[in-house]
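> here's a sequence, model it:
(one chain, ligands or ions: 1)
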Amino acid sequence: MAKDDLASFVAGLPKAELHVHHVGSASPRIVAELAARHEGRSPVPADPALLAEYFTFTDFAHFIEVYLSVVDLIRDAEDVRTLTYGVAQDLAAQQVRYAELTVTPYSSVNRGIPAEAFCEAIEDARREAEKELGLVLRWVFDIPGEAGLQSAEQTLRIALDQRPDGLISFGLGGPEIGVPRPQFKPYFDQARAAGLHSVPHAGETTGAQTVWDAIRELGAERIGHGIFAAQDPQLLAYLAEHAIPLEVCPTSNLRTRAVADLAEHPLAAIVAAGVPVSINSDDPPMFGTTLNNEYEVAARLLDLDTAGVAELARQGVRHSFATDQVKTALLAEIDTYTAGA
Ligand SMILES: O=c1[nH]cnc2c1ncn2[C@@H]1O[C@H](CO)[C@@H](O)[C@H]1O
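Numbering: from 1, shown residues only. Just a heads-up that it's a prediction; the model follows:
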């Protein structure tokens with residue numbers, strides 16, 4: 001199929017997005033607006049060309065350093081509201097109907113935004129997005145691993161004390177090197193006991209053992225990234241047998257240099273092993289991508305036609321924590337779109 005045909009099919013395809021970070025989704029327009037507001041006090045450039053250069057990462061640690069400099073631009077609840085609704089608009093424009101957005105309340109609360117005001121701001125944006133854009137948003141509250149156990153404690157407290165209506169999952173992000181997963185077990189135990197799903201990052205920058213730890217110690221129901229599971233056939237078999245999906249973000253892995261080249265990306269091996277996957281965008285403007293582009297990349301890696309791409313979109317819906325009602329409606333919408341395409 002011609003590239004343009006597939007691209008236009010993907011662009012119109014109704015989709016779910018399961019792995020996308022809040023601050024990491026700030027469009028150049030929003031970053032420029034915030035950078036201009038805080039000019040002179042931030043290394044983040046407002047000019048789009050300089051910003052693209054600033055978003056060129058030498059490795060994963062450099063990516064996190066840059067990421068946190070953008071987090072520093074979020075100073076008050078109004079910034080949070082603007083950011084969140086802007087992200088919702090960008091998702092809705094790509095025909096995303098349902099998204100689980102990874103939000104790091106610790107970072108904002110630690111920078112002086114009260115937890116209550118933070119949660120109120122994201123909830124306002126969530127309700128407006130559902131009403132105005134037809135986008136159902138849900139939250140993953142993630143621990144920024146590099147900030148240690150006190151950040152885990154605070155993230156859990158914010159989750160349980162505030163318990164915003166849209167909150168459904170508990171996550172763990174940031175670096176894996178030097179941040180072993182098992183130490184976070186007590187926090188995941190409490191979050192799960194309170195009814196939150198477990199969706200830690202693992203196997204993004206370290207090997208299969210980290211993914212095993214996420215499953216055994218943190219009760220992971222889905223794995224953020226998990227691409228290095230491909231190094232362990234037993235782990236792939238386990239993920240397939242227990243239907244634990246990997247949230248795969250191909251361009252992210254390239255841009256953080258977790259993989260050297262897309263040709264070396266293990267997505268095809270993971271799918272061939274029967275492991276469920278969803279296709280996601282992670283931090284799209286920072287990685288110079290979009291969810292639609294990630295579907296096109298996945299189509300190339302998996303050699304899919306439009307029917308195959310539609311099936312990927314269905315998998316994203318099935319692996320989500322959306323209600324049955326949302327899932328049924330979205331799957332029906334994909335069927336209708338596919339039948340008419
Ligand atoms: O690809 C990623 N892997 C891990 N963490 C990430 C990624 N993208 C954004 N974050 C974010 O990095 C911050 C510092 O821990 C967290 O806010 C996490 O959500």
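> for the residue of the stretch 101-250 of the chain found nearest the ligand, give its distance to L68.
Closest residue of the stretch 101-250 of the chain to the ligand, CB to the nearest ligand atom: G174 (2.7 Å). Glycine gets a C-beta too; all of them are placed from N, C-alpha and C. For G174, the distance to L68 (CB to CB, to the nearest Å) stands at 9 Å.
> so which residues on the stretch 201-341 of the chain come close to the ligand?
Residues of the stretch 201-341 of the chain that fall close to the ligand, judged by CB under 6 Å from any ligand atom: 201, 204, 252, 282-283.
> from these, which ones fall inside strands?
Per DSSP state E, strands hold the following members of these: H201.
> how close does F321 sit to A125?
F321 is 19 Å from A125, by CB to CB.
> please say which of those two ends up with more neighbours.
Taking other CB atoms under 10 Å, F321 and A125 do not tie; A125 has more neighbours (23 against 18).
> list the contacts of the residue of the stretch 101-250 of the chain closest to the ligand.
Neighbouring residues of G174 by CB atoms under 8 Å, 6 or more residues apart in numbering: 64, 143-147, 201.
> let's see that with 10 Å instead.
Listed by CB atoms under 10 Å, 6 or more residues apart in numbering, the contact set of G174 reads 60, 64, 67-68, 104, 142-147, 151, 201, 204-205.
> with T58 instead?
65-66, 256-257.
> for it, what are phi and psi?
Backbone dihedrals for T58, given as degrees, to the nearest 10, come out at phi -80, psi -30.
> isn't G178 right next to F60, touching?
No. With contact defined as CB atoms under 10 Å, G178 does not reach F60; the gap is 11.7 Å.
> if we can go back for a sec, tell me the phi and psi of the residue of the stretch 101-250 of the chain closest to the ligand?
According to degrees, to the nearest 10, G174 has phi 80, psi -160.
> and the strands in the stretch 201-341 of the chain, which stretches?
201-202, 223-225, 246-248, 277-279 (DSSP state E, counting those that start in this stretch).
> in its sheet, what does the third one sit against?
Put plainly, it is strand 246-248. Note on strand 246-248: by DSSP bridges, its sheet partners are strand 223-225 (parallel), strand 277-279 (parallel).
> which residues sit against the first one?
By that I understand strand 223-225. Taking CB under 10 Å, 6+ apart as the rule, strand 223-225 contacts 18-19, 21, 102, 140, 142, 171-173, 176, 198-205, 210-211, 214-215, 229, 239, 244-249, 252-253, 256, 258, 275, 277, 280, 282.
> how far does that strand sit from the chain's center?
9 Å (CA atoms, centre = their mean, to the nearest Å).
> show the average pLDDT along that strand.
What strand 223-225 shows for mean pLDDT is 98.
> stretch 142-152 too?
98.
> ends of that stretch, what's the gap?
8 Å (CA to CA, to the nearest Å).
> what residues sit buried inside it?
Judged by neighbour count (16 or more other CB atoms under 10 Å), stretch 142-152 contains these buried residues: 142-147, 151-152.
> among those, which are in strands?
Per DSSP E, the buried residues of stretch 142-152 map to strands at 142-144.
> any chance of the residues you listed in JSON lines, plus distance to the ligand?
Conversion of these to JSON lines gives the following (distance: CB to the nearest ligand atom, whole Å):
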{"residue": "D142", "distance to the ligand": "5"}
{"residue": "I143", "distance to the ligand": "8"}
{"residue": "P144", "distance to the ligand": "3"}
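> for G316, state which of these is nearest.
Distance to G316 across those (CB to CB) is lowest for D142, with 19.3 Å.
> give me the number of residues near A92?
17.
> which residue sits closest to it, ignoring its sequence neighbours?
L133 (3.9 Å; CB to CB, 6 or more residues apart in numbering).
> that neighbour contacts Q94, correct?
No. Between L133 and Q94 there is no contact under CB under 10 Å: 11.3 Å.
> between the two, which has more neighbouring residues?
Q94 (20 against 17).
> contacting residues for S198?
140, 169-172, 188-189, 191-192, 214-215, 218-223.
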